[in-house]
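K.L.:
pasting the sequence and the predicted coordinates here, then a few questions.
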Amino acid sequence: MNAGPLIEPDQIPTLIDPVILDVRWYLDGRDGYASYLQGHYSGAVFVDLDTVATEPAPPTAGRHPLPPPATFVRSIAELGVGPTSQVLIMDDARGSIAARIWWMLDVLGIEAYVLLGGVQSLPEADICLTPCHATPKAPWTLSINEWPENRVVNTDEIENQSSRFLLLDARSQERYLGDEELIDRVGGHIPGARSLPWQRVLDTIEGSSVDSSRAEISNICDDERELVAYCGSGVTACTLILALRAYGREAKLYPASYSGWSSDPSHIVCTDICDD
């Protein structure tokens, strides 16, 4: 298996003048920039996920709705990213937050990588305490106005064309089953979705998983339906997309994810295990 866009610390020197982005963000509201200041990779520029990778929208769009591509391009150009840049993205959550920026860059055709294991995997000699500042680039013109249909799925498709898809829920199994839900309106999952926590897939790539997990992922990759990843708000779902690519299988993103789906009281949510 080729880890693809997931790279290890000793592979960083193989990148050519990369733009390095540190995307720390916490579900519990902790300050990502404060963590960045406590130690980051030398040359890494901090990225605020809530301002760069999302925009305000109605609750049915989820907690982290995607900004228009052109808006995102303006933001990343300010961070020093251009259309021909190589970009290395990292966080302190095994790549699960960095994956959202990776996915957005990948859709735009920018060569991007996520550091496997996160900032914690870096040698101490590579850690810096001084904030790093970007050299902005001019925004460039895109050929798309919306995120392309071959990379995203909307709520209408989930409602009316569900047989086309194998939905993969990247959240913990406790949230999937509705046993634990401290954020969204009601606990559970989208009908028909299979539980596949993002940590389990990364474990198989890092070599710390059990054989049953690898077999489960192989079965998913062999499924003829379109794979669609979702989570609570469209962030850690990108980790599934990133990791599944290492298995040679592409998946789409449902950006609204469970927060968007469950915000509509007319939508059914399930609390049983689906394995079809």
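P.N.:
Cool, got the structure. Residues are numbered from 1 along each chain as shown.
K.L.:
how close does residue 50 get to residue 33?
P.N.:
11 Å (C-beta to C-beta, to the nearest Å). (Each C-beta comes from the backbone N, C-alpha and C, glycine too.)
K.L.:
which SS class is the nearest residue to residue 7 once chain neighbours are set aside?
P.N.:
In this structure, residue 7 finds its nearest non-sequential neighbour in residue 113, 4.8 Å apart by C-beta to C-beta, 6 or more residues apart in numbering. Recorded secondary structure, residue 113: strand (DSSP: H, G, I helix; E, B strand; the rest coil).
K.L.:
count of neighbours near residue 113?
P.N.:
26 (other C-beta atoms under 10 Å).
K.L.:
now do residue 118
P.N.:
19.
K.L.:
please apply the same query to residue 44.
P.N.:
24.
K.L.:
mind naming the longest helix for the protein?
P.N.:
In the chain, taking DSSP state H as the definition, the longest helix is helix 211-222.
K.L.:
tell me what angle the helix or strand just after that one forms with helix 211-222.
P.N.:
Next helix or strand after helix 211-222 toward the C-terminus (DSSP states H and E): strand 226-230. Going by axes from the mean of the first three to the mean of the last three C-alpha atoms, to 10 degrees, strand 226-230 is angled at 120 degrees with respect to helix 211-222.
K.L.:
using CSV, write out every CA atom in strand 226-230.
P.N.:
Provided in CSV are the C-alpha atoms of strand 226-230 (Å, rounded to 0.1, in the frame of the first residue of the first chain):
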residue,chain,number,x,y,z
GLU,A,226,-19.7,5.4,-4.6
LEU,A,227,-18.0,5.9,-1.2
VAL,A,228,-19.2,9.0,0.6
ALA,A,229,-17.5,10.2,3.9
TYR,A,230,-19.1,12.3,6.5
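K.L.:
contacts for stretch 109-124?
P.N.:
3, 5-9, 12, 15, 18, 22, 24, 39-41, 81, 83, 85-95, 98-99, 101-102, 105-106, 127, 202, 205-206, 242 (C-beta atoms under 8 Å, 6 or more residues apart in numbering).
K.L.:
buried set for that stretch?
P.N.:
The neighbour-count check on stretch 109-124 (16 or more other C-beta atoms under 10 Å) flags 110, 112-119, 121-122 as buried.
K.L.:
end-to-end on that stretch?
P.N.:
By C-alpha to C-alpha, to the nearest Å, the extent of stretch 109-124 from end to end equals 32 Å.
K.L.:
need the buried residues of stretch 109-124 in CSV with pLDDT, can you?
P.N.:
Listed next are the buried residues of stretch 109-124 as CSV, based on pLDDT from 0 to 100:
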residue, pLDDT
110, 96
112, 98
113, 97
114, 97
115, 96
116, 93
117, 92
118, 94
119, 96
121, 94
122, 94
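K.L.:
just the pLDDT for residue 163.
P.N.:
The score at residue 163 is 89. That number is its pLDDT.
K.L.:
likewise residue 213?
P.N.:
75.
K.L.:
ok, it touching residue 204?
P.N.:
Yes. Using C-beta atoms under 8 Å, residue 213 makes contact with residue 204 at a distance of 5.5 Å.
K.L.:
more neighbours: which of those two?
P.N.:
Legend: neighbour count by other C-beta under 10 Å for residue 213 and residue 204, higher for residue 204 (21 against 16).
K.L.:
can you show me the strands along the stretch 51-200 of the chain?
P.N.:
86-90, 111-115, 127-128, 165-169, 194-195 (DSSP state E, counting those that start in this stretch).
K.L.:
need the residues that contact the first one.
P.N.:
I take that to be strand 86-90. Residues contacting strand 86-90 (C-beta under 8 Å, 6+ apart): 7, 12, 15-23, 41, 44, 47, 81, 95, 98-99, 101-102, 105, 110-115, 118-119.
K.L.:
just want the angle from it to strand 111-115.
P.N.:
Using the same axes, to 10 degrees: strand 86-90 against strand 111-115 is 20 degrees.
K.L.:
helix or strand with the lowest mean pLDDT in this protein?
P.N.:
Lowest by mean pLDDT, DSSP states H and E among the helices and strands of the chain is helix 211-222, with a mean of 82.
K.L.:
I am finished for the moment; much appreciated.
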